[in-house]
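**Q** 3D, please:
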Amino acid sequence: MRVLLSTIGSRGEVQPVIALALRLQELGQETVVVAPPDFRPWAESLGIAYLPVGPELHGTAKQPAGTVPTPGQRRRMIEGTVAEQFAAVGSAAEGCDVIVAGGALAVAARSVAEQRGAGYVYAAFAPMTLPSPHHAPPVFGLLGDKPADGTIDNPTLWARDAQRWNALWGAALDAQRAAIGLAPAGDVRRHILTDTPWLAADPLLAPWPGPSEPDVLQTGAWTLTDHRPLPPELEDFLDADEPPIVFGFGSMRAPEGLARTMIAAARALGRRAVLARGWADLSVDGAAPDCLVIGEVNQQALFPRAAAVVHHGGAGTTTAAAGAGTPQVVVPQMFDQFYFADRVDRLGIGSAHPGSNPTADSLTTALRHALAPRTVRTARTLAGRIRTDGALTAARLLITEHG
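**A** Here you go, the predicted structure:
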């Protein structure tokens with residue numbers, strides 16, 4: 001069986017797809033990944049066939065805060081990404097038996113599957129991105145949409161969300177479908193998500209809220225086992241004293257002065273700090289023995305050796321910290337990050353920071369709660385219940401259903 005895996009997004013979308021591709025290959029299947037160019041060298045180093053689509057995304061984390069496209073810019077962005085996805089996915093789909101779309105911005109995947117007569121599976125990485133009366137739709141932010149004020153019921157919000165999908169994406173999608181001989185998609189969101197989506201999220205950390213449309217199949221999170229050793233400088237720092245607090249914002253844009261705020265919070269608690277630069281290129285002025293700035297490293301090796309992890313609330317980072325049994329503070333910025341902040345707080349494995357722009361005092365308060373003995377015990381206890389077989393489960397399902 002040959003499987004095409006398509007996604008558009010940062011590492012939070014690409015890494016799960018890579019994990020599934022590797023599991024499929026271990027089971028003797030052929031795979032090709034179509035995703036942003038930023039991750040091509042990494043994927044190919046793992047032996048995965050990779051076709052880039054769209055522009056590099058790395059620079060988006062350094063755009064000024066509050067940057068929102070004009071209606072004309074937004075239309076051109078949408079038309080451009082849809083056209084590029086149809087070209088790239090269409091080119092890679094030759095001989096594929098099934099196409100997997102990871103995340104709702106993989107707009108072309110189902111149409112190409114339909115044209116090729118291949119199977120199609122849509123996978124979400126967080127429950128709140130799928131329609132349910134139990135929660136409101138996510139807010140993307142970069143397209144200028146705003147959160148609801150809490151006075152409108154969830155079914156109405158989801159109906160409006162469907163209208164927004166049609167208004168934003170319908171014309172561009174249908175134009176590309178017409179070019180390859182397909183009829184209009186109709187309800188764009190339903191077209192992409194299908195009535196039977198998969199949920200690639202941990203059942204404890206991010207459970208599907210209950211029986212309702214659509215009929216969701218939860219596989220567990222698609223995690224990638226990382227065997228890389230930590231850099232010697234980081235090993236030496238970890239060995240030198242008590243476990244530090246690890247700070248990082250991954251591929252997210254960071255609020256102004258975030259690095260200084262993070263280090264000040266750690267020092268207020270008498271803790272050392274490890275600061276991950278991330279795409280925002282976080283840094284501190286001058287060298288200090290209580291702080292180490294690092295690049296991208298193996299979270300699975302680092303997080304168990306941390307006193308706490310402070311991060312933006314991406315699905316992958318949240319799951320990695322939960323699996324490590326390390327308490328966490330989530331400072332959400334957009335989309336599903338608010339959901340994961342709430343789940344961390346509800347499970348008692350850390351704190352949801354109130355708001356997206358922490359001060360030294362507010363972050364110190366959140367960290368003090370995360371470092372409390374009860375929180376530490378709960379995080380360690382729940383760690384053993386975080387599943388690590390989600391990608392293998394999904395790979396076996398694909399083979400059973402489409403092989």
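
**Q** show me what contacts residue 106?
**A** 6, 7, 8, 85, 192 (C-beta atoms under 8 Å, 6 or more residues apart in numbering). For glycine as for every other residue, the C-beta is placed from the backbone atoms N, C-alpha and C.

**Q** can you pick the most crowded of those residues?
**A** Neighbour counts for the contacts of residue 106 (other C-beta atoms under 10 Å) peak at residue 6, which has 29 neighbours.

**Q** immediately after the worst-scoring helix or strand of the chain on mean pLDDT, which helix or strand?
**A** Counting by mean pLDDT, DSSP states H and E, the chain has its least confident helix or strand at helix 71-92, which shows a mean of 90. Next in sequence after helix 71-92, counting helices and strands by DSSP states H and E, comes strand 98-102.

**Q** now the angle from whatever helix or strand comes next after that following strand to helix 71-92?
**A** For strand 98-102, the following helix or strand on the C-terminal side (DSSP H and E) is helix 109-116. Following axes from the mean of the first three to the mean of the last three C-alpha atoms, to 10 degrees, one obtains 40 degrees for the angle between helix 109-116 and helix 71-92.

**Q** Remind me what helix 109-116 packs against, helices and strands.
**A** helix 71-92, strand 98-102, strand 119-124, helix 154-179, helix 188-193 (3 or more C-beta pairs under 8 Å, 6 or more residues apart in numbering; DSSP states H and E).

**Q** and with 6 Å instead?
**A** If you count contacts as 3 or more C-beta pairs under 6 Å, 6 or more residues apart in numbering; DSSP states H and E, helix 109-116 packs onto helix 71-92, strand 98-102.

**Q** As TSV, the ones you listed with distance to residue 217 would be great.
**A** TSV is the format used below for those (distance: least, C-beta to C-beta, whole Å):
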stretch	distance to residue 217
helix 71-92	23
strand 98-102	13
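
**Q** most neighbours per residue, which of those?
**A** strand 98-102 (a mean of 28; mean count of other C-beta atoms under 10 Å).

**Q** What segments of this structure are helices?
**A** Ranges of helices in the chain, per DSSP state H, are 11-26, 40-45, 71-92, 109-116, 154-179, 188-193, 232-240, 258-268, 299-302, 315-324, 337-347, 360-370, 373-383, 390-402.

**Q** which residues touch residue 272?
**A** For residue 272, the contacting residues are 244, 290, by C-beta atoms under 6 Å, 6 or more residues apart in numbering.

**Q** Kindly report the same for residue 24.
**A** Counting by C-beta under 6 Å, 6+ apart, residue 24 has contacts 3, 31, 395.

**Q** now these in a markdown table, with distance to residue 249?
**A** Listed next are these as a markdown table, based on distance: C-beta to C-beta, whole Å:
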| residue | distance to residue 249 |
| --- | --- |
| 3 | 32 |
| 31 | 30 |
| 395 | 31 |
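
**Q** of all those, which comes closest to residue 329?
**A** Proximity of those to residue 329 (C-beta to C-beta) peaks at residue 395, which lies at 33.4 Å.

**Q** where does that closest one land on pLDDT?
**A** On the pLDDT scale, residue 395 is placed at 98.

**Q** Give me the number of neighbouring residues for it.
**A** By the criterion of other C-beta under 10 Å, residue 395 has 25 neighbours.
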